[in-house]
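**Q** I'll drop the sequence and a predicted model, then ask my questions.
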Amino acid sequence: MYIADLHIHSRYSMATSRDCTPEQLDLWARRKGIGILGTGDFTHPAWRAELKEKLIPAEEGLYVLKEEYRLEGENSFGSLVPRFVISGEISSIYKLKLRT
């Protein structure tokens, strides 16, 4: 069983914290026992570059934060090392007028 949060926005999204970095996401996942995090907003060029710099492959399709970026802090769940999965969001709120 995995605990996951797959709906995360990057710090480049509107109305999100500027502190929403891979380092902070990793730290808070360790504190809360979240094993898999969606990266969110992977199509944003600056966020994609940051992810490329700070994450390394773990298992197939999953990544971990590089050791040099890992923040010190309590790990409430033993030796949990959160995995990141590349994710984005599809907006389906728009209506399409179909011709009849």
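**A** Cool, the structure landed.
**Q** residue closest to the middle of the protein?
**A** Thr39 (2.6 Å; Cα atoms, centre = their mean).
**Q** CA atoms of stretch 63-70 as CSV?
**A** Only the C-alpha atoms of stretch 63-70 are listed here, as CSV (Å, rounded to 0.1, in the frame of the first residue of the first chain):
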residue,chain,number,x,y,z
TYR,A,63,12.4,9.7,-9.0
VAL,A,64,13.9,10.8,-5.6
LEU,A,65,15.4,14.1,-4.5
LYS,A,66,19.2,14.1,-4.7
GLU,A,67,20.9,13.8,-1.3
GLU,A,68,22.5,17.3,-1.6
TYR,A,69,19.0,18.9,-1.8
ARG,A,70,17.4,16.9,1.1
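**Q** what about it, distance to the chain center?
**A** 13 Å (Cα atoms, centre = their mean, to the nearest Å).
**Q** Also stretch 79-88?
**A** For stretch 79-88 - counting by Cα atoms, centre = their mean - the centre lies 6 Å from the chain centre.
**Q** any idea where the strands of this structure begin and end?
**A** 4-5, 36-38, 55-57, 63-65, 83-85 (DSSP state E).
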